[in-house]
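Visitor: Only the shape, not the letters, is given here:
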């Protein structure tokens with residue numbers, strides 16, 4: 001299957017299926033980063049308020 005055929009198939013998917021596919025592709029990309037889990041764990045464990053963002057800032061980042 002060519003990349004163009006894949007593009008056409010993805011475009012034909014309903015929006016919720018495309019979101020699930022996008023999440024899957026992101027998870028595959030993260031597997032390629034050997035230190036990704038360690039980086040994410042460090043961010044989650046960070047207790048410095050200056051490193052935090054508001055929910056509104058998170059919404060902005062996710063919608064862009």
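Guide: Nice, thanks for sending it over. Small disclaimer: the values here were computed from a predicted structure and weren't measured.

Visitor: which outside residues touch the one helix or strand residue 21 maps to?
Guide: In this assignment (DSSP states H and E), residue 21 forms part of helix 15-31. Surrounding helix 15-31, the residues in contact under the criterion C-beta atoms under 8 Å, 6 or more residues apart in numbering are 10, 13, 36. Using the backbone N, CA and C atoms, a C-beta is placed for each residue, glycine as well.

Visitor: And for the first one, the neighbour number?
Guide: Each residue near residue 10 was counted by other C-beta atoms under 10 Å, and the total is 13.

Visitor: Pull out the buried positions in the helix or strand hosting it.
Guide: Assigned by DSSP H and E, residue 10 belongs to helix 3-12. When burial is assessed from 16 or more other C-beta atoms under 10 Å, helix 3-12 yields no buried residues.

Visitor: what distance separates that helix from the centre of its chain?
Guide: Counting by C-alpha atoms, centre = their mean, to the nearest Å, helix 3-12 is centred 20 Å from the centre of its parent chain.

Visitor: In terms of distance to residue 42, which of the contacts of helix 15-31 ranks first?
Guide: residue 36 (10.8 Å; C-beta to C-beta).

Visitor: Now that closest one. Nearest residue, chain neighbours left out?
Guide: With sequence-adjacent residues excluded and distances taken as C-beta to C-beta, 6 or more residues apart in numbering, residue 36 is closest to residue 30, at 4.8 Å.
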